[in-house]
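Provided below are the primary sequence and the corresponding predicted coordinates.
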2 protein chains.
Amino acid sequence: MLKISKKADYALMALQHIASVQFGDVTPGRVVNTKEIAEEYHIPLELLAKVLQTLAKNGLIESHNGPKGGYLLARSARQITIAQILEGIEGPLGITDCSHEKEGELCLQREHCNIRTPLLKVQDSIYQLLSNMTLQDMLGGTPLITIQSSTAQGVAQ
Amino acid sequence: MLKISKKADYALMALQHIASVQFGDVTPGRVVNTKEIAEEYHIPLELLAKVLQTLAKNGLIESHNGPKGGYLLARSARQITIAQILEGIEGPLGITDCSHEKEGELCLQREHCNIRTPLLKVQDSIYQLLSNMTLQDMLGGTPLITIQSSTAQGVAQ
DNA sequence: TTGATCGGAGATCATTATAGTCTCCGACTC
DNA sequence: GAGTCGGAGACTATAATGATCTCCGATCAA
């Protein structure tokens, strides 16, 4: 449950790869093309291409056309969060259908819904979690996210 | 993204309802039947029935057959966590395919996978989150989870 | 003891989301 | 201007989900 899609997986792998080639920084050095990533990680080329295009549209990477073309990080790995990557591919985080309900598509349960508020809080917590972890963290050098635990840290209010 | 299923939604609503009828405790008083919940929250009766049966199998509620039959909490709302409920319905938490990979079904990316470890940590964090919140918390009385956050957003309620 | 009311369980179907493919286009470098 | 790259759309297959239908067994009360 709560699975992220393959596309999102691929996005993370690709970005991770690009970032490691650039040492996490925005270097003008080598660009990475789709084929290279697809082969290294055994990802279907055309699917990965779509993913990278989406990431480029969302401003996480920069594309360069033509021979010797490919992709570069648009900004430092430290400034790219997991939340941004996942949302770029899968759209806004929403653990429940009513998270981003538009006008007029009220869910049937809404009227008597007894779980909306607490679920939105869970969602918020997950979002914070994903926002507090960056691509740089995934590169392995820096400490990863920590979480509160009722046994470890006091759960305030 | 990271959406939980309708079934899980229904399970949460139903349990929340049963718990509130019993004031969060295991009281021998009134049992709640499927129809009552289905009508109150506009949930398809037969789908809800399946969900409740699953919850019963997982030991979260107790079923009573016959007229005047229905369901009761199997234990106090304080002892039922959101993680238990969701896992009971949707199976073990796994944000990525390789979270619970069985022998012989290694994913193609595994060999060079650069994101498995960090993702498992994210998953672990989410799990902690869901394990630290109980049905009792959802009843509204007691404090909900809080998370660490760089922007220090207090979670009230 | 019989019938109405409840849960238990299986098969089935429709809809949607996902994963993956194919084709053609335009930009760029050499 | 030929070959290599990304850009973009339509398209298909498969799986997951949500929902329905049917029949069964347990239980209680008249």
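Thanks, I have the structure now.

C-alpha only now, for contacts and for neighbours.
Fine.

so the closest residue to residue A:100 other than its chain neighbours, which state does it fall into?
Nearest non-adjacent residue to residue A:100, counting by C-alpha to C-alpha, 6 or more residues apart in numbering or on different chains: residue A:94, 7.0 Å away. State at residue A:94, reduced to three classes by DSSP: H, G, I helix; E, B strand; the rest coil: coil.

my guess is residue A:94 contacts residue B:1, does it?
Yes - using C-alpha atoms under 8 Å, residue A:94 makes contact with residue B:1 at a distance of 5.7 Å.

leaving out the residues flanking it, which one is nearest to residue A:63?
In space, residue A:63 is closest to residue A:71, 4.6 Å off (C-alpha to C-alpha, 6+ apart).

do you know how far that neighbour is from residue A:12?
14 Å (C-alpha to C-alpha, to the nearest Å).

the helix or strand containing residue A:18 near chain B anywhere?
Applying DSSP states H and E as the criterion places residue A:18 in helix A:6-21. Yes - applying C-alpha under 8 Å from any C-alpha of the partner chain, one finds helix A:6-21 touching chain B at A:9, A:12, A:13, A:16, A:17.

averaged pLDDT, that helix. What do you get?
Across helix A:6-21, the average pLDDT comes to 96.

other residues contacting the next helix or strand after that helix?
As assigned by DSSP H and E, the chain's next helix or strand after helix A:6-21 is helix A:34-41. For helix A:34-41, the external contacting residues (C-alpha atoms under 8 Å, 6 or more residues apart in numbering or on different chains) are A:13-14, A:17, A:43-45, A:48-49, A:52, A:70-71, B:108-109, B:111-113.

surely residue A:53 is in a helix?
Yes - assessed by three-state DSSP, residue A:53 belongs to a helix.

check contacts around it.
Neighbours of residue A:53 in contact, by C-alpha under 8 Å, 6+ apart: none.

tell me the confidence at the residue with the largest distance to the centre of chain A?
Farthest-out residue of chain A from its mean C-alpha position, per C-alpha atoms, centre = their mean: residue A:112, at 33.5 Å. pLDDT for residue A:112: 83.

and for the residue lying closest to it once chain neighbours are set aside, the neighbour number?
Closest residue to residue A:112 apart from its sequence neighbours, by C-alpha to C-alpha, 6+ apart: residue B:41 at 6.1 Å. Counted with other C-alpha atoms under 10 Å in any protein chain shown, the neighbours of residue B:41 add up to 19.
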